[in-house]
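Visitor: Just the structure for this:
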Amino acid sequence: MPGRGKGIKRRAGGPTAENTKRKKNFNQDPGEIVDILSGHDGAEPSSSDSEVWVFGDSLVRWAGERYGSKSINNADHKVIWDGKSETRSEELKSAIQRGLLKGYKPSVIIIHVGGNNVSSANTCKIISIVSKALKYLFSVFLNSIVVWTDILPRFNWRGTPNTLASAKMMDLKRKRINRKLKQTILQYEMGRALNHQNINRNNPHFYRPDGIHLSDHDNDAYLSKMMIAISTFTRDNSCKSLNMG
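Guide: Numbering: from 1, shown residues only. A predicted model of the protein is given here:
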């Protein structure tokens, strides 16, 4: 079982069957939950607010832009949106090191990477790269809750034939990666998992014409449910996994 590295001593005990199996499901309209963590009439978060660091690819970048455009003021957390187009799993460890150099002290770290690897890398290699980066992450951010966010489905996987058979093959690969990395992160006491199960290939209207990025409406839904996950994981220590329907 992975460890947490050397550092500050925390309470004893690792993952248990009881808290690992505990899950919650949410099925709310994004319009009802987009301001779930809104602050006090436009007040800026103070320096004492805890940080949430969200790292990932263009999905994180777009979510951060929507978050900013809606002027959501979070009374409990200062959210750092660290998203960049074409981000790959190999960049996760260097991003962790960069966060250390910048002095990040996040109470929650949300990881959304891997989507840009699915069509171009071996499944075992992707799992290995992310697993090693997660082990390092837990060793240097000892008291942070770390959330693995499932790789989302796509209608178009770059570099693959534009056929139904190819798309199904990529989706099976995506699911295997998600399943294994969820198992990996839940082995850690501070590990959490987030599944956006409502975003799937049965709903093409969720996506922009490129078949990769989310539409504005569903980008808002993604953002809203991310906010609920932050709130839930920080308030309920026994909750290890969320299925966001």
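
Visitor: and the residue of the chain positioned farthest from its centre, what does it touch?
Guide: The outermost residue of the chain relative to its centre, with distances by Cα atoms, centre = their mean, is Thr163 at 28.5 Å. Not one residue lies near Thr163 by Cβ atoms under 8 Å, 6 or more residues apart in numbering. C-betas here are computed from N, CA, C, even on glycine.

Visitor: how much space between it and Ser215?
Guide: Distance, Thr163 to Ser215, by Cβ to Cβ, to the nearest Å: 24 Å.

Visitor: What of Asp57?
Guide: Relative to Ser215, Asp57 is positioned 17 Å away (Cβ to Cβ).

Visitor: Lys93 reaches Lys135, doesn't it?
Guide: No - the pair Lys93 / Lys135 is not scored as a contact, 9.9 Å apart, by Cβ atoms under 8 Å.

Visitor: backbone phi and psi for the most centrally placed residue in the chain, please?
Guide: By Cα atoms, centre = their mean, the mean C-alpha position of the chain lies nearest to Thr149, the distance being 3.2 Å. Per-residue torsions, Thr149: phi -100, psi 130 (degrees, to the nearest 10).

Visitor: That one touches Ile110, doesn't it?
Guide: Yes - judged on Cβ under 8 Å, Thr149 makes contact with Ile110 at a distance of 6.0 Å.

Visitor: roughly how far apart are Leu137 and Ser144?
Guide: 8 Å.

Visitor: Overlap of the contact sets of those two?
Guide: Ile109.

Visitor: Of these two, give the one with the bigger neighbour count.
Guide: Leu137 (25 against 20; other Cβ atoms under 10 Å).

Visitor: got the contact list for that one?
Guide: 92, 96, 109, 111, 146.

Visitor: Could you tell me the per-residue confidence at it?
Guide: On pLDDT, Leu137 comes in at 97.

Visitor: cool, the one 4 residues further on as well?
Guide: Phe141 carries a pLDDT score of 96 in this model.

Visitor: nearest residue to it other than its sequence neighbours?
Guide: Ile109 (6.3 Å; Cβ to Cβ, 6 or more residues apart in numbering).

Visitor: okay but that neighbour is in contact with Val147, surely?
Guide: Yes - contact status for Ile109 versus Val147: in contact at 6.9 Å, counting by Cβ under 8 Å.

Visitor: and the closest residue to Gly115 other than its chain neighbours, how many neighbours?
Guide: Distances taken as Cβ to Cβ, 6+ apart place Ile151 nearest to Gly115, at 4.9 Å, with adjacent residues excluded. For Ile151, the count of nearby residues is 25 (other Cβ under 10 Å).
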